[in-house]
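# Whatever this is, show me its structure:
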Amino acid sequence: MAVLSAQNLNMSFGDRTLFDGVSFEINAGERVGLIGANGTGKTTLFRLVLGTEKPTSGEIHPGRNTVVGYMEQHACRDSRKTIYDEIMTVFDPLIAIEKRLEQLNSMIDNGGDIIDTLIDEQLRLTEQFERDGGLTCRSRARSTLIGLGFAADTHTLTCDKLSGGQRSKLSLGKLLLSEPDLLLLDEPTNHLDIDSVEWLESFLADYRGAALIISHDRYFLDRVTTRTMEIEHRKMRIYKGGYSEFIKQKEKDKEIAQRHYDNTMDEVHRIEKMIEQQRRWNRERNIRTAEHKQKSIDRLMDGLEKPEADEATLRFEFKTLVETGNDVLICQGLTKGFGGEPLFQNADLLLKKGERAFLLGANGCGKTTFLRVIMGEYIPQAGLRKFGENVRAGYFDQTLSGLSDDKTVLDEVWDQYRRLSQTEVRNALAAFLFRGDAVFSRVGDLSGGEKARVALLKLMLGGYNLLLLDEPTNHLDITSREALEDALMGYDGTMLIVSHDRYFINKLSTRILRLGKEKIEEFGNDYDEYLSRLEALRQGVKAVKEKTAPKVDNYKLRKERESEKRKLNTAFRRCEENIENTEKLINETQAELENPETSADYEKIMALTTKLEELNTSLEQLYEDWENIQLRLAEFE
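Residues are numbered from 1 along each chain as shown. Here you go, the predicted structure:
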């Protein structure tokens, strides 16, 4: 059954046509990737689905009774709510039923003439509450927050203290929990680390509804989608499979279309020569033959389309000005933190000439800090960093903080490379898609992708033989990412890269490193091998535990496991109740502290402050218990 269908869609703004003649269907349960260069109309298509914009012509309709969910619909509206309270607003109808059931329990306990009616309502609402997931809604909310990278001790933070990226993650969590029939996801992985992206992939794999996904994350598209829709040259083409299958099929289709066009034009030219010859003879029979041949050309040319040239893409290459020795970078015992416990310590690394090494690790483990220590921007607390012979290091900062917002694009590049003429700088900018008056655009007015292109151009012109790249693909669309990959594949220098773009990692890497708190470990040559080794490590720990466990009777073991599981479920429910009660007490105490009448009573303020600290400490311990119980329950699955 189709949850969304479109027929002959056209979307134009004045003389500019985004797309024309677009028709497609999305069926229940499908995961469809929507791709295309920036500006081709992908987000506009989402607005058409939502009805916030109308097509110039054609029709687009969600299926009957289809509920469509879009992330922007779930923005944090109440900044004073806690993260947990905000995500629980998704379950407001269930919470309302729960409160009504509490009222009914009290009314039934008190007896009365209408007790049978109350019991009937109680049974009906209890069945609805359980059917709609009321028993698990709180644990699902907390699991979603943890899956998206919100540690348990952050769930009481108010939304006004969140960054833009954290708010986006919270909005995504609300959208996923609302379980619409059709999910519209616009760059859902943008603010997620690798662990959170993998959690999202797992979530979508089990999701019962359909999803239409705009994403530049090719690995994510391969893992999640089963069909790909591409908008290019104002047309939409639909392919089976994820991104990698789409690329293969697209290249094949392009070859077939070009071969068909070339063969047809060869035949047309051959016939044109025959017509020219017949007309030179200028006899009646020759004229009739020429007219007949012209009809053959008309038939061949009818509906023949010349394959369109590829969209303009970045054209560049990284070159080194001098060659390094074999040892490019030596790090010994590097330790760095910012007060309290270090982010990492005892980090050793030897980077050899020509290596393309990727530095991976848990979110917040200090990967960016490690690069900045190498560049000399941070002083390590212990250890040393040493460059090899003739090493010139260039750094790509994911925050793009090295760009000056008030400069023009031309001046931003030219001020750093005064040895170049204006013509040379403009030619370089043209290769990075800044043409004509675009070179006079103010850097502060550029999009994230445009700023990234400027930063990459400055890096390219430097002639560095060691590149330290911090999330270089973050702001780039797919075609720009592929151009960057091609440039780096042809680079003869050495690279150390931090990235969560797994497709990018697999295409480039010759070495995977994992940054931990105590050391840097080797984890294979590409991301797939990294995953395999990580899983083997986890299984190895599990195997050791199983090996050291005493042997017991299977029947007795099964009974003990069942008993333990029941106890854990009981403890889990009790822990959730305690968390809810403690959060309620915290809110009440906070409200009492903010009461104007309290401000005049110093002793009361001190007592309330002490109470609040004790409650927050208790809540932290409850969250830790909740996580531990959940992990133990997961072992029974």
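
# For the stretch 301-450 of the chain, which segments count as strands?
327-336, 344-352, 356-360, 382-387, 393-396 (DSSP state E, counting those that start in this stretch).

# in its sheet, what does the last one sit against?
When sheet partners are counted by DSSP bridges, strand 393-396 sits next to strand 466-470 (parallel).

# mind listing what's buried in the helix or strand following the partner strand?
Note on strand 466-470: by DSSP states H and E, the next helix or strand toward the C-terminus is helix 478-489. Across helix 478-489, burial judged by 16 or more other C-beta atoms under 10 Å covers I478, T479, S480, R481, E482, A483, L484, E485, D486, A487, L488. No exception for glycine: its C-beta is placed from N, CA and C like everyone else's.

# so who does the fourth one touch?
In this case it means R481. The contact partners of R481, taken as C-beta atoms under 8 Å, 6 or more residues apart in numbering, are H216, R218, T473, D501, F504.

# As JSON lines, these with distance to L359 and secondary structure would be great.
Listed next are the contacts of R481 as JSON lines, based on distance: C-beta to C-beta, whole Å; DSSP: H, G, I helix; E, B strand; the rest coil:
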{"residue": "H216", "distance to L359": "21", "secondary structure": "coil"}
{"residue": "R218", "distance to L359": "21", "secondary structure": "helix"}
{"residue": "T473", "distance to L359": "15", "secondary structure": "coil"}
{"residue": "D501", "distance to L359": "13", "secondary structure": "coil"}
{"residue": "F504", "distance to L359": "13", "secondary structure": "helix"}
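
# which stretches of the stretch 501-637 of the chain aren't confidently modelled?
The stretch 501-637 of the chain contains residues with pLDDT under 70 at 541-563, 599-602, 634-637.

# where are the low-confidence patches of the stretch 301-450 of the chain?
Using pLDDT under 70, the stretch 301-450 of the chain drops low at 309-313.

# Do a quick rundown of the helices in it.
Counting by DSSP state H, counting those that start in this stretch, the stretch 301-450 of the chain has helices at residues 367-374, 409-414, 422-431, 448-461.

# Now do the last one against strand 466-470, angle only.
Meaning helix 448-461. Helix 448-461 and strand 466-470 are oriented at 170 degrees to each other (axes from the mean of the first three to the mean of the last three C-alpha atoms, to 10 degrees).

# Pull out the buried residues from helix 448-461.
E450, K451, A452, R453, V454, A455, L456, L457, K458, L459, M460, L461.

# of the residues you listed, closest to E317?
M460 (7.4 Å; C-beta to C-beta).

# Contacts only, for the closest one.
Counted by C-beta under 8 Å, 6+ apart, M460 has contacts F316, E317, F318, A428, A487.

# Can you select the buried ones from the residues you listed in ChimeraX?
To isolate the buried members of these in ChimeraX, using 16+ other C-beta under 10 Å:
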select :316,318,428,487
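
# So the residue positioned nearest the centre of the chain versus I87, what's the distance?
The centre of the chain sits closest to T189, judged by C-alpha atoms, centre = their mean, with a distance of 1.0 Å. According to C-beta to C-beta, to the nearest Å, T189 and I87 sit 19 Å apart.

# Per-residue pLDDT of N465, please?
For N465, the pLDDT comes out at 96.

# since we're on it, how many residues are nearby?
N465 has 24 neighbours, counted by other C-beta atoms under 10 Å.

# What are the neighbouring residues in contact with it?
Contacts of N465 (C-beta under 8 Å, 6+ apart): T320, L321, V322, E323, T324, V328, N390, V391, R392, G493, T494.

# ok now do the fifth one, which residues does it touch?
What it means is T324. T324 is in contact with K353, G388, E389, N390, V391, N465, L466, G493, T494, counting by C-beta under 8 Å, 6+ apart.

# from memory the third one sits against G325, does it?
Yes - the pair formed by E389 and G325 meets the contact definition of C-beta atoms under 8 Å, at 3.8 Å.

# which residues do these two both contact?
Shared contacts of E389 and G325 (C-beta under 8 Å, 6+ apart): none.

# highest average neighbour count across the strands of the stretch 301-450 of the chain?
strand 356-360 (a mean of 22; mean count of other C-beta atoms under 10 Å).

# Relative to that strand, what are the paired strands and their orientations?
Counting by DSSP bridges, strand 356-360 is paired with strand 494-498 (parallel), strand 511-515 (parallel).

# got the angle between it and strand 327-336?
Using the same axes, to 10 degrees: strand 356-360 against strand 327-336 is 10 degrees.

# Look at the residue nearest to the centre of the chain and give its secondary structure.
coil (DSSP: H, G, I helix; E, B strand; the rest coil).

# so it makes contact with F220?
Yes - here T189 reaches F220: they are 5.4 Å apart, a contact under C-beta under 8 Å.

# anything in contact with each of those two?
Joint contacts of T189 and F220 (C-beta under 8 Å, 6+ apart) are V197, L200.

# so where do the strands sit in the stretch 101-250 of the chain?
Going by DSSP E, counting those that start in this stretch, the stretch 101-250 of the chain shows strands at 182-186, 210-214, 227-232, 235-240.

# Which strands border the second one, and is each parallel or antiparallel?
Strand partners for strand 210-214, identified by DSSP bridges, are recorded as strand 31-35 (parallel), strand 182-186 (parallel).

# So which of the ones you listed is nearest R285?
Per C-beta to C-beta, nearest to R285 of the strands paired with strand 210-214: strand 31-35, 56.5 Å.

# can you list contacts of that closest one?
In contact with strand 31-35 (C-beta under 8 Å, 6+ apart) are residues 26, 42, 45, 204, 210-215, 221, 224-231, 242-243, 246, 478.

# any idea which helix or strand comes after it?
Note on strand 31-35: by DSSP H and E, the next helix or strand toward the C-terminus is helix 42-50.

# which outside residues touch that following helix?
By C-beta under 8 Å, 6+ apart, the residues outside helix 42-50 that reach it are 4, 6, 9, 11, 18-19, 22, 34-36, 53-55, 60, 62, 68, 70, 182, 184, 186, 212, 214, 231.

# Could you do stretch 251-258 as well?
R237, P307.

# rerun at 6 Å
P307 (C-beta atoms under 6 Å, 6 or more residues apart in numbering).

# pLDDT of that stretch, averaged?
If you average the pLDDT values across stretch 251-258, you get 85.

# Same question for stretch 67-77.
The pLDDT scores in stretch 67-77 average 71.

# same check, this time on stretch 469-481
Per-residue pLDDT values over stretch 469-481 give a mean of 90.

# deepest of the strands paired with strand 210-214, which one?
Comparing those by mean count of other C-beta under 10 Å gives strand 31-35 as most buried, with a mean of 24.

# Helix 42-50 and that one, what's the angle between them?
Using the same axes, to 10 degrees, the inter-axis angle of strand 31-35 relative to helix 42-50 is 130 degrees.

# looking at it, L410 is touching A438, isn't it?
No - under the criterion of C-beta atoms under 6 Å, L410 makes no contact with A438, lying 9.4 Å away.

# Near P307, how many residues? Count them for me, please.
16.

# for V409, same thing?
V409 is flanked by 26 other residues according to other C-beta under 10 Å.

# swap in the one 3 residues further on?
Residue crowding around E412 was assessed by other C-beta under 10 Å; the count is 25.

# what's the closest non-adjacent residue to it?
Spatial nearest neighbour of E412, excluding adjacent residues (C-beta to C-beta, 6 or more residues apart in numbering): V443 at 5.4 Å.

# Mind listing the strands the helix or strand where T17 lies pairs with, and their directions?
Following DSSP H and E, one finds T17 within strand 16-27. Using DSSP bridges, strand 16-27 pairs in its sheet with strand 2-13 (antiparallel).

# Buried residues, the partner strand. List them.
Within strand 2-13, the residues that qualify as buried are A2, V3, L4, A6, L9, M11, counting by 16+ other C-beta under 10 Å.

# Same list (those) but as CSV, adding distance to L148.
Shown next, in CSV, are these (distance: C-beta to C-beta, whole Å):
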residue, distance to L148
A2, 30
V3, 25
L4, 26
A6, 31
L9, 33
M11, 33
